[in-house]
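J.: Below is the sequence, then the predicted model.
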Amino acid sequence: MTPLPDSWDETDRQIAAVLQISGRASWGAVARLLELPERTVARRGQRLIDLGVIKVSTYLDATTVYQARSVVVRVRTAAGAARTVAAAIAGRADASSVSVLEGARQVVALLILSEPERVADVLLDELPAIPGVLDSEAMTVLRPYRSGYDWMMTNTISPEVRAQAEAETLAALQEDAEPVADLTEQDERLIALLAEDGRMPATRLAERLDAKTGVVRRRVEQLIATGTLRVRAEVLPGVFGLRVEAMVWLRVPPGRVDDVGRRLAASGEVRFCSAVSGEYQLMVDVLARGEEALLEFLAGVLREFEGAQIGDLSLVLAPVRRGPLSLTT
């Protein structure tokens, strides 16, 4: 594996930020937004992708299309087994995010279970059967405020560039459109290809599907316009100088959960924020430039939201999976 640089410059960060908003934008479109030479943007952007620093993919909104259930699982492992348990969970098709933590509950994972009738089997049988798992607890996501799919560190670019990129992305959507429910076999193959490479052009997609380019292009546009298929650009937080990640479980008065959740999700440092079942009301995945910055962020949360309490806090020792982005442990 090619070693990653210790730091990234402003051009890298700006390209990454635009791709977080519009992952399938052409290099020419990105260059126009950033007012940079297209050759520079194409070279630098492709390098970020080739190094695995950015992974552009697409995903089905499973909670809408399949009425999926999202569950956060915290796992306690045997000594020395945290990495192998995390890798086993990350290899599951329903795993969306997996991390190894410090502390007693050493692995945390977000699973998106598209078959409601199998939820009990997964939680009670399949996960406990993984070698090295001592015990686990599950929390159902009651309401997502930021899912991880939509995390963006857009303060790297100007408000004007962000607004223009978002406007162009929104222009491709159909207002009040219903997701496509009757997906064909070719749709499934198309979705699988885009999950692997969300920037694959229509010409290559058509070749792989043995179909006409125009037909494929229109179908991709339709799936995206109706919200059936969503574009995701997962970026390593280190590109933005965010080198510390922590999982925080908050106790919040019931009447304030929605307000606190929405306001936390608006922060660029928050990668994931959801209301969950169990003894805590909110689970928050926080990114920070360092330990001091994390402490300042948490202190600010307690000052701003009266009645909020930190119930549990664990730093991430090793991120294992972030959506389509698989990371070494």
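T.: Alright, I've got the coordinates.

J.: What is the subsequent helix or strand relative to whatever helix or strand Ala31 lives in?
T.: Using DSSP states H and E, Ala31 sits in helix 27-34. Later in the chain than helix 27-34, the nearest helix or strand by DSSP H and E is helix 38-50.

J.: got the buried residues for that following helix?
T.: Using 16 or more other CB atoms under 10 Å as the test for burial, helix 38-50 gives Val41, Ala42, Arg44, Gly45, Leu48, Ile49. Every C-beta, even on glycine, is put in place using the N, C-alpha and C of the backbone.

J.: quick one on the thing from earlier: only alpha carbons, please: show the helix holding Ala31 as CSV.
T.: Output of helix 27-34 as CSV, limited to C-alpha atoms (Å, rounded to 0.1, in the frame of the first residue of the first chain):
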residue,chain,number,x,y,z
TRP,A,27,-13.3,17.3,-13.0
GLY,A,28,-14.2,20.2,-15.3
ALA,A,29,-17.2,21.1,-13.2
VAL,A,30,-15.1,20.9,-10.0
ALA,A,31,-12.4,23.0,-11.5
ARG,A,32,-15.0,25.6,-12.6
LEU,A,33,-16.4,25.8,-9.1
LEU,A,34,-13.0,26.2,-7.5
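
J.: Quick one: mean pLDDT for that helix?
T.: What helix 27-34 shows for mean pLDDT is 96.

J.: tell me the angle it makes with helix 38-50.
T.: For helix 27-34 against helix 38-50, the angle by axes from the mean of the first three to the mean of the last three CA atoms, to 10 degrees is 110 degrees.

J.: Check which helices and strands helix 27-34 is in contact with.
T.: helix 10-21, helix 38-50, helix 159-171 (3 or more CB pairs under 8 Å, 6 or more residues apart in numbering; DSSP states H and E).

J.: try 6 Å
T.: Using 3 or more CB pairs under 6 Å, 6 or more residues apart in numbering; DSSP states H and E, the elements in contact with helix 27-34 are helix 10-21, helix 38-50.

J.: possible to save those as JSON lines with distance to Ala109 and mean pLDDT?
T.: What follows is the helices and strands packed on helix 27-34, written out as JSON lines (distance: least, CB to CB, whole Å; pLDDT from 0 to 100):
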{"stretch": "helix 10-21", "distance to Ala109": "23", "mean pLDDT": "94"}
{"stretch": "helix 38-50", "distance to Ala109": "26", "mean pLDDT": "95"}
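
J.: out of those, which comes closest to Leu183?
T.: The stretch from the helices and strands packed on helix 27-34 with the least distance to Leu183 (CB to CB) is helix 10-21; that distance is 26.1 Å.

J.: Now that closest one: buried residues?
T.: For helix 10-21, using 16+ other CB under 10 Å, the buried residues are Asp12, Arg13, Gln14, Ile15, Ala16, Ala17, Val18, Leu19, Gln20, Ile21.

J.: Strands of the chain, residue ranges please.
T.: For the chain, strands defined by DSSP state E occupy the ranges 54-60, 69-77, 95-101, 107-113, 133-146, 229-235, 244-251, 270-276, 282-288, 309-322, 325-326.

J.: Contacts for the last one, please.
T.: Read that as strand 325-326. Strand 325-326 is contacted from outside by Lys55, Glu234, using CB atoms under 6 Å, 6 or more residues apart in numbering.

J.: Same question for the second one.
T.: Outside strand 69-77, the residues within contact range by CB under 6 Å, 6+ apart are 85, 104-113, 116, 119, 132-141, 276, 283.

J.: Please check these and keep the buried ones.
T.: 85, 105-113, 119, 132-133, 136, 138-139, 141, 276, 283.

J.: what's the distance between Leu327 and Val180?
T.: Distance of Leu327 to Val180, computed by CB to CB, to the nearest Å: 32 Å.

J.: ok, the buried residues of helix 38-50 vs Gln309, which is closest?
T.: Once CB to CB is applied, the member of the buried residues of helix 38-50 that ends up nearest Gln309 is Leu48, at 39.1 Å.
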